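Participant: here you go, sequence then predicted model.
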Amino acid sequence: MMATLRSYELALTTQGPTYPPSELMNEDGDFVVIGRINRGRAADKGEGPVDIEIHHAHGTAAEWGAAIVAADSPVPPFGDNAPYRIRRELDLDNLTREDAAMALCTLPIPLPTNNYTIRFAPDQASAHAMRARPSYPLHAVPIPDLRPEDGLQRQTPITLGEWIAARGNLQVTVDGDGSSALFEMDCTGLIPNSLYTIMSLRERDFDPQAPTRPGPLGIPNVMITDRDGNGSFQARLPDPFPETDAPDGTKRNRVINVILLWMSYQMSHGGAIGLFGLGGDVHAQLKLPVPGFGEFVTRAGRS
């Protein structure tokens, strides 16, 4: 049996699921959203009921775009969507000078406009770790135990203009016996001299009835960019695309997306994605715009 291969261009984003609407804010406390925009067909004009198409396995609404969204937008139950309060649209191809220079920030903790209850680090996050924290500019996050002499690499604001320079290609190869797949990522235009991690999203991670925990794409799942913002990564996963449930009754849980995360605390966490949740310390920059990899089938290898 021959190996099968496919390449994908990754989409620029600031979003994981649609709540919180973004994993980045501006200094005014509004979400900077690049991703699925919950608009509703007529809700903003009061002309009728909200009608939002949902990719159920990914928890996302229909229309891809960019906008500044209010942090007090309505928060529906997990698994549902409601129209965002859009302050204004963003044209990423023609950013104003002011928008290009917009400093990007983390989300405060507790996370605003959030309905996702899964803890990314069940054995690490404690009541102390989850204490209230303000929104910090990305370049000024209080990295634990940092001293001036340690040489923090980035000490100037990270801007929207810099963020949207990112580009990435993902290549997936299922091996000849179908028991594993190799994921290879090559990126340019990232934040230079930074620690990124790579996350695998599975089809049941946003299941409203019984969500599973998103995990790393391999361990370690770390990418370090060079001074020009280039980075590459590869990892092999066992049986990432099962066609059916496992013989022991475990429900099928295929990988449906791969997400590149900028780590504002410049730390990785082993088998966890982060400590503080979506936008607290992990910030999506590149991913597939819709659930993918449906063309692949793998199977568990022999023990």
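Facilitator: Nice, thanks for sending it over.
Participant: Trp64: neighbour count?
Facilitator: Number of residues near Trp64 (other C-beta atoms under 10 Å) recorded here: 15. (Glycine included, C-beta is placed from N, CA and C.)
Participant: before we move on, what about Asn94?
Facilitator: 7.
Participant: same check, this time on the one 3 residues further on
Facilitator: By the measure other C-beta under 10 Å, the count of residues near Arg97 is 7.
Participant: and it, backbone torsions?
Facilitator: Backbone dihedrals for Arg97, given as degrees, to the nearest 10, come out at phi -60, psi -40.
Participant: check it and give its pLDDT.
Facilitator: The confidence metric pLDDT takes the value 97 at Arg97.
Participant: same check, this time on Glu63
Facilitator: In this prediction Glu63 is given a pLDDT of 83.
Participant: any idea how far Pro216 is from the closest residue in space to it that isn't next to it in sequence?
Facilitator: Distances taken as C-beta to C-beta, 6 or more residues apart in numbering place Ile37 nearest to Glu63, at 5.2 Å, with adjacent residues excluded. Using C-beta to C-beta, to the nearest Å, Ile37 is found at 28 Å from Pro216.
Participant: how many neighbours does the residue nearest to Gln153 when sequence neighbours are not counted have?
Facilitator: With sequence-adjacent residues excluded and distances taken as C-beta to C-beta, 6+ apart, Gln153 is closest to Asn193, at 4.1 Å. Look at Asn193: counted by other C-beta under 10 Å, it has 14 neighbours.
Participant: tell me the contacts of Asn193?
Facilitator: For Asn193, the contact set (C-beta atoms under 8 Å, 6 or more residues apart in numbering) comprises Gln153, Arg154, Ile224, Thr225, Asp226, Arg227.
Participant: now those as CSV including distance to Asp239, neighbour count and secondary structure?
Facilitator: Formatted as CSV, the contacts of Asn193 follow (distance: C-beta to C-beta, whole Å; neighbours: other C-beta atoms under 10 Å; DSSP: H, G, I helix; E, B strand; the rest coil):
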residue, distance to Asp239, neighbour count, secondary structure
Gln153, 37, 13, coil
Arg154, 38, 15, coil
Ile224, 29, 11, strand
Thr225, 30, 21, coil
Asp226, 33, 12, coil
Arg227, 38, 8, coil
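Participant: a markdown table for those, including pLDDT?
Facilitator: Below are the contacts of Asn193 laid out as a markdown table (pLDDT from 0 to 100):
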| residue | pLDDT |
| --- | --- |
| Gln153 | 94 |
| Arg154 | 94 |
| Ile224 | 98 |
| Thr225 | 98 |
| Asp226 | 98 |
| Arg227 | 97 |
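Participant: nearest to Asn169 among those residues?
Facilitator: Thr225 (15.2 Å; C-beta to C-beta).
Participant: who does the nearest residue in space to the closest one that is not next to it in sequence form a beta bridge with?
Facilitator: Leaving aside its sequence neighbours, Thr225 sits nearest to Gly231 (C-beta to C-beta, 6+ apart; 4.2 Å). Bridge pairing for Gly231 (DSSP bridges) gives the partners Cys187.
Participant: what's the burial count for Gly231?
Facilitator: Counted with other C-beta under 10 Å, the neighbours of Gly231 add up to 25.
Participant: again, but for the one 4 residues further on
Facilitator: The burial metric for Ala235, expressed as a neighbour count using other C-beta under 10 Å, is 18.
Participant: any idea what it is bridged to?
Facilitator: Residues in beta-bridge contact with Ala235 (DSSP bridges): Phe183.
Participant: just for the stretch 1-150 of the chain, where's the confidence low?
Facilitator: Residues of the stretch 1-150 of the chain meeting the criterion pLDDT under 70: 1-3, 40-62.
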